[in-house]
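Asker: I'd like to go over a predicted model; first the sequence, then the structure.
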Amino acid sequence: MIELALRLIANKIPAKVRGRSILTSIKATLRAVTELGGFTWAKFGDYLEIYRQHQLKVLELKDATDNQIATLTDRVDGVKALFEACPSARSADDLVLEAEKLTTGAAAVELSTVHRVKGFQAQRVVLRKPEAMPMTWPEQQAWELKQEENCLYVAQTRSQDTLLLVFDDPKTSTERSSYDDEVASLG
């Protein structure tokens, strides 16, 4: 989810992840890059790439998982895209200010797991990959399936107005709203 949020931010779409600080990730990456020997803002893109290559070597030495490598790559790509989207930024501090604008506020797209939105609602909710719910696995216990069904219920009932279902196959994606339900009940 952090990776998706960083892509949104890089496209100047305010975004946040419930329970996580994207800004902390951006600041940490910027700090690490600016602390590299010989760093200048004019060469930020070059130093970001040096940072990426160094971190990949560190992960390789630690026998990192593919997920850890993908997380690093996505984080660096997100910072790079933010840098490219903010040509007026003249320092890391300027880029942090831009990132703060894009990671705070009520207008930001909020990304979350189903577990983190229990008890909350929003005007519009997008449910990605609803076809993957409820999750099932071999030797699943009846109570585990019931919990997964409850998660599906939670996901489907968080919207106050519009629920957009985004399937892996875009031809099957749908949008429903309370207006649709009212019309259906009339006829």
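Answerer: Thanks, I have it.
Asker: Poorly predicted segments of this protein, please.
Answerer: Along the chain, segments meeting pLDDT under 70 span 170-187.
Asker: tell me which residues in the longest helix along it are buried?
Answerer: Counting residues, the longest helix found in the chain (DSSP state H) is helix 66-85. Buried residues in helix 66-85, counted by 16 or more other CB atoms under 10 Å: T71, L72, D74, R75, V76, D77, G78, V79, K80, A81, L82, F83. Just so you know, the C-beta spots here come from the backbone N, C-alpha and C atoms, and that holds for glycine as well.
Asker: How many residues are close by L95?
Answerer: 22 (other CB atoms under 10 Å).
Asker: tell me the SS of it?
Answerer: helix (DSSP: H, G, I helix; E, B strand; the rest coil).
Asker: neighbours around the nearest residue to it once chain neighbours are set aside, how many?
Answerer: Of all residues not flanking L95 in the chain, A89 sits nearest, at 4.5 Å (CB to CB, 6 or more residues apart in numbering). Under the neighbour criterion other CB under 10 Å, A89 is assigned a count of 18.
Asker: Run through the residues that contact A89.
Answerer: A89 is in contact with F83, L95, E98, counting by CB atoms under 8 Å, 6 or more residues apart in numbering.
Asker: Show me the domain layout of the protein.
Answerer: 2-103, 112-186 (automatic domain parsing).
Asker: Deepest-packed of those domains, please.
Answerer: When the domains of the chain are scored by mean count of other CB atoms under 10 Å, the highest mean neighbour count falls to domain 2-103 (a mean of 16).
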